[in-house]
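A.B. asks: quick one, what's the 3D model for this:
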Amino acid sequence: MLADLRKRIERGEWQADDRLPSVAALANHYGVARRTVTRALETLADDGLVIIVRSWGTFRT
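C.D. replies: Prediction:
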């Protein structure tokens with residue numbers, strides 16, 4: 001799932017400042033727990049690919 005999200009970001013599925021789907025939507029799409037999605041998004045944030053804004057969502061940088 002993390003690798004797929006990274007590929008989707010890198011190939012431009014989301015442009016700068018675009019909001020990614022919600023944690024719940026991603027968890028449903030990938031068939032994983034919401035905590036798994038949260039950890040993946042945190043990893044992407046650590047790598048500078050997204051920014052997580054509490055109560056607002058995750059955005060492409």
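
A.B. asks: how about the helices in this protein?
C.D. replies: 2-10, 23-30, 34-46 (DSSP state H).

A.B. asks: residue nearest the middle of this protein, spatially speaking?
C.D. replies: Taking CA atoms, centre = their mean as the criterion, Leu41 is the residue nearest the geometric centre of the chain, at 4.5 Å.

A.B. asks: quick one: that residue and Phe59 touch, right?
C.D. replies: No - judged on CB atoms under 8 Å, Leu41 makes no contact with Phe59 at a distance of 10.5 Å. Bear in mind the C-beta positions are built from the backbone N, C-alpha and C, glycine included.

A.B. asks: anything in contact with each of those two?
C.D. replies: Counting by CB atoms under 8 Å, 6 or more residues apart in numbering, the contacts common to Leu41 and Phe59 are 20, 50, 52.

A.B. asks: which ones are touching the first one?
C.D. replies: Each residue near Leu20 by CB under 8 Å, 6+ apart is listed here: 14, 26, 41, 50, 57-60.

A.B. asks: try it again at 6 Å.
C.D. replies: Contacts for Leu20 (CB atoms under 6 Å, 6 or more residues apart in numbering) come out as 14, 58.

A.B. asks: same check on Trp14?
C.D. replies: Contacts for Trp14 (CB under 6 Å, 6+ apart) come out as 20, 60.

A.B. asks: how about a cut-off of 10 Å?
C.D. replies: 5, 8, 20-21, 49-50, 58-61 (CB atoms under 10 Å, 6 or more residues apart in numbering).
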